[in-house]
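Undergrad: can you look at this prediction? I've put the sequence above it.
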Amino acid sequence: MAADRNSNVVAAFRETVARVPERPALIIARGGRAETVTFAELWDRADRVSMGLLRAGFKPGERAILMVPLSVDLYAVLTGILKMGGVAVFVNPWLSPEHIASSAGFAAPDIYVGSPKSQLLRFRHARLREIPLSVTTGARLWRLPARLSLREIESAPGDGKVYPVAASDAALISFTSGSSGAPKAANRTHEILAGQQLALAEEFPLRDDDVDMTTFPVFALNNLVNGVTSVVPQVTFGEAARVNAAATIGLMLERAVTTCSASPPIIDELAAHLEAHPGTRTRLRRVLSGGAPVFDAQLSTWRSAFATAEVVVAYGSTEAEPVAHISATERLEARSDVRPEGPGICVGRPVGRVRTKLIRIHDGPVAPEEGDWSSWEIPRGDIGEIVVAGGHVCRDYYRNPAATAETKIADADGTVWHRMGDTGYFDGEGRLWLAGRVHSTIHRGGQAVHPLLVEQAALGDGTAVRRAAAVGMPDGKLGERVVLVLEAESAEGLEVGVKRRLEAAGQKVDEIVISDGPLPLDRRHQAKIDYSRLRGRLEQRSGRGGGGA
């Protein structure tokens, strides 16, 4: 991604606007209609926002909380903030109001920009009321619900300038999903955003005539730089599985979408709709998914539903995206040549702009002495913790030195490695296989048990068991015992088949529990098991003397 001398990432967007001013930049579905804005119109709005924020007293380097739904308003404000050297702070809207207020307050913002509904949250929490400046995207009466409206901010022309920043200046602060504990504020600098754009462009190249449907905000930012139209379907954060598949497919056909990137539950819903309506044909050439484990049964369905498209699964995280990727065809043909008893999930070879290591699983900070990794790195084929480094990998967390020390490794040459929080191994072809999460690794009788390997064996072909989760529970003799929790349509004959598959895969469990209802999932994508909440359920069950989880 190009950037001008001051390293501001918005410089590349300005160059794209000059090249394709009248091309649609964003087409965003909202409330049964579609908002559309061209590249030139979006630049004009961002330019006005930038100048209006400066007039209101917001200064370069200061932080702005964004509580705006996916909309043209969101991207106009985001681009305007970055353009004038401000820092955009995204707070996870799927969290509870208390968590949102806590996260927003933690970022110590100087301005709060939000929808009229989100302004009510600001009134309810003292830390948010203390923010000096507030802007509503709706109407304003006197100083309610905010000091200024977005319309007032945009009332005067901009200056056309992209304000100078250093490459190491913060640009975007976004909170992690919190799947391994409290959400952390990942600090994406202008340099890291530029590196991420380069990595995405190299690994998932876009054509000039592509139209990309995406539910990932970072991918839409990438599209703005590349001059590619982004189509954003109506999706509510935290309710991905409830996407209106018929309406989304209709939007895809109406706007001649050629590429699609979305979380696994959304792809599941789209695939199910296409399978149920065999006469419907999209123009997709690529379907890209990530954000949660994708099992072979899902991939088989996706490949059948999107018959004309290349189906790709990407691996990464908020702090490092992308890390690796693999096509559905290669994944379904992949066989582990080093762990035949329980292969895990193959996520492919690391991308060109990332370096990877596998280290022994360790609870606590990692600090190789003078860059000597010999006591930390493990032999190829063994399962270890995945660490990565690269130009698009976040180097720290905002105002959280403890989290930085826990999840970052400073090398002797200045390289900062990020601990992905996942366990895995490399096969003989250099492909990375996931085995589970570090924090959910079960230590049973002096041996490490990797939940994903147990769950994969239990799922089988995915027809009898909908979801499976292996959890370590305290045990006086073993340290931890392995409890396998199953979610299924019917419990009849289920346990016998699961035990047979576990035995064939060489996976041992101490107890099988049939869940009374759906297993708890992450609030963001509704695709990953929330092991902390599930463990809490099991503890309650134990206190009640048995029953389903």
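TA: Right, received. Where do you want to start?

Undergrad: on the three-state scheme, Val509 is what?
TA: Assigned by DSSP: H, G, I helix; E, B strand; the rest coil, the conformation of Val509 is coil.

Undergrad: count of neighbours near it?
TA: Applying other CB atoms under 10 Å, we find 20 residues neighbouring Val509. The way it works is simple: take the backbone N, C-alpha and C, and place the C-beta from them, glycine included.

Undergrad: over to Glu503?
TA: The tally of other residues near Glu503 (other CB under 10 Å) stands at 11.

Undergrad: what's the answer for His443, then?
TA: Neighbour count for His443, taken as other CB under 10 Å: 14.

Undergrad: do the same with Asn222
TA: Count around Asn222 with other CB under 10 Å applied: 25.

Undergrad: same thing with the one 10 residues further on?
TA: Val232 is flanked by 26 other residues according to other CB under 10 Å.

Undergrad: so what's the residue count around the residue lying closest to it once chain neighbours are set aside?
TA: Once flanking residues are discounted, Val232 sits nearest to Ile28: 4.4 Å by CB to CB, 6 or more residues apart in numbering. Ile28 has 22 neighbours, counted by other CB under 10 Å.

Undergrad: was I right to think Ile28 contacts Val68?
TA: No: using CB atoms under 8 Å, Ile28 makes no contact with Val68, being 11.7 Å away.

Undergrad: ok, and for the helix or strand hosting Leu42, which residues are buried?
TA: Leu42 belongs to helix 39-56 when elements are defined using DSSP states H and E. The neighbour-count check on helix 39-56 (16 or more other CB atoms under 10 Å) flags 39, 41-54 as buried.

Undergrad: any idea how far Ile409 is from Ala320?
TA: Noted for Ala320: a distance of 13 Å to Ile409, by CB to CB, to the nearest Å.

Undergrad: now the stretch 251-400 of the chain, which segments are flagged as low pLDDT?
TA: By pLDDT under 70, the low-scoring segments of the stretch 251-400 of the chain are 340-342.

Undergrad: please apply the same query to the chain.
TA: For the chain, applying pLDDT under 70 flags the ranges 1-5, 93-95, 177-183, 237-241, 340-342, 524-526, 543-549.

Undergrad: kindly recompute the last result at 80.
TA: Within the chain, the ranges that satisfy pLDDT under 80 run 1-6, 31-32, 92-106, 143, 176-183, 236-242, 337-342, 461-463, 522-527, 541-549.

Undergrad: how does it divide into domains?
TA: By the assignment in automatic domain parsing, the chain contains the domains 10-193, 443-544.

Undergrad: quick check: which of those is buried the most?
TA: Per residue and on average, the most neighbours among these fall to domain 10-193, with a mean of 19 (mean count of other CB atoms under 10 Å).

Undergrad: and that domain, how far from the chain's centre?
TA: Relative to its chain's centre, domain 10-193 lies at 19 Å (CA atoms, centre = their mean, to the nearest Å).

Undergrad: how long is it from one end to the other?
TA: 10 Å (CA to CA, to the nearest Å).

Undergrad: all strands of the stretch 301-450 of the chain, in order?
TA: 310-315, 324-327, 345-350, 354-359, 384-390, 408-410, 416-426, 432-437, 442-444, 447-449 (DSSP state E, counting those that start in this stretch).

Undergrad: okay, now the sheet partners of the first one, with direction.
TA: Note on strand 310-315: by DSSP bridges, its sheet partners are strand 286-289 (parallel), strand 324-327 (antiparallel).

Undergrad: what's next to the first one, contact-wise?
TA: Under the criterion CB atoms under 8 Å, 6 or more residues apart in numbering, residues 204, 258-264, 267, 302, 306, 309-314, 325 lie in contact with strand 286-289.

Undergrad: narrow the residues you listed to those that are buried.
TA: Buried among the contacts of strand 286-289 (16+ other CB under 10 Å): 204, 258-264, 267, 302, 306, 309, 311-314, 325.

Undergrad: and Pro217, how many neighbours?
TA: A total of 17 residues lie near Pro217 under the criterion other CB under 10 Å.

Undergrad: do I have it right that it meets Pro69?
TA: No: using CB under 8 Å as the test, Pro217 is too far from Pro69 to be in contact (11.2 Å).

Undergrad: before we move on, back to that, what's the most distant pair in the buried residues of helix 39-56?
TA: Phe39 and Leu54 (22.9 Å; CB to CB).

Undergrad: closest to Gly160 out of the buried residues of helix 39-56?
TA: Relative to Gly160, the closest of the buried residues of helix 39-56 is Asp47; by CB to CB it sits at 6.1 Å.

Undergrad: so who does the closest one touch?
TA: The contact partners of Asp47, by CB under 8 Å, 6+ apart, come to 80, 83, 157-160.

Undergrad: that older thread, dump the strands of the stretch 301-450 of the chain to CSV, plus distance to Ser7.
TA: Converted to CSV, these look like this (distance: least, CB to CB, whole Å):
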stretch, distance to Ser7
strand 310-315, 26
strand 324-327, 27
strand 345-350, 26
strand 354-359, 21
strand 384-390, 18
strand 408-410, 22
strand 416-426, 18
strand 432-437, 31
strand 442-444, 45
strand 447-449, 43
